[in-house]
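Asks: Got a predicted structure plus its sequence, pasted below:
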Amino acid sequence: MHRTILALTAFCSAAGAAHADTRFFCSADDKDVRFTVESGFEAGGGHKLNHFRGALVMKSGDIPQALKKIAVNSENLTHHWSHDGELRLEVFYDGGDDAKGQGLSLIVTAGQRGKSMTAFSGTYELAIEGDAKPLAASGKVSCGSK
């Protein structure tokens, strides 16, 4: 009986490790922006989002101070997708009155369908739009999973 319980415990532990939740992190640092975002998805059916956070630093001098350094969380994540080697995240941040009516949109697309997602790359698109001068930037992003 003792051996049976031990064997079941070991089997359940191994099964739990094989179906562990997945965390992804992506970052970019170029002439326009420096950012990092981290997201987590449940391993079970539907791959429900269970974690998201990030920080962005805008390097352009032409944007309101309220959008120069921002922190985002799951409330700012408007779209997310993780399936078969692809990761897609869309973030929207409304800077409010201090941002002079401008909002920030960040889209991260990374991975390659059917490929491993331990370390992978992709692109980002960033736009600041609203009442003042718009800003658009795009570039490469590096990602990984743990």
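Replies: Nice, thanks for sending it over. Numbering: from 1, shown residues only.

Asks: Only C-alpha atoms from now on, for both contacts and neighbour counts.
Replies: Noted.

Asks: Angles on the backbone of the closest residue to Q65 other than its chain neighbours, please.
Replies: Counting by C-alpha to C-alpha, 6 or more residues apart in numbering, Q65 lies nearest to A99, which is 7.1 Å off, once chain neighbours are set aside. Here is the backbone geometry of A99 (degrees, to the nearest 10): phi -90, psi 10.

Asks: repeat for Q112
Replies: When read as degrees, to the nearest 10, the backbone of Q112 gives phi -140, psi 130.

Asks: count of neighbours near it?
Replies: Neighbourhood size, Q112 [other C-alpha atoms under 10 Å]: 16.

Asks: Please enumerate the strands of the protein.
Replies: Counting by DSSP state E, the chain has strands at residues 22-29, 33-41, 49-58, 69-73, 77-83, 86-94, 103-111, 119-129, 135-145.

Asks: now, of those strands, which is deepest in the fold?
Replies: Greatest average neighbour count among the strands of the chain goes to strand 103-111 (a mean of 21), per mean count of other C-alpha atoms under 10 Å.

Asks: gap between A137 and S60?
Replies: In this view, A137 and S60 are 10 Å apart by C-alpha to C-alpha, to the nearest Å.

Asks: which residues are in contact with both of those two?
Replies: D32 (C-alpha atoms under 8 Å, 6 or more residues apart in numbering).

Asks: Identify the residues contacting the residue lying closest to S116 once chain neighbours are set aside.
Replies: Leaving aside its sequence neighbours, S116 sits nearest to G85 (C-alpha to C-alpha, 6+ apart; 6.0 Å). Going by C-alpha under 8 Å, 6+ apart, G85 touches 111-117.

Asks: Who wins on neighbours among these?
Replies: Going by other C-alpha under 10 Å, G111 tops the contacts of G85 with 24 neighbours.

Asks: Wait, the residue nearest to Q65 touches P64, no?
Replies: Yes: checked against C-alpha atoms under 8 Å, the pair A99 and P64 is within contact range at 5.4 Å.
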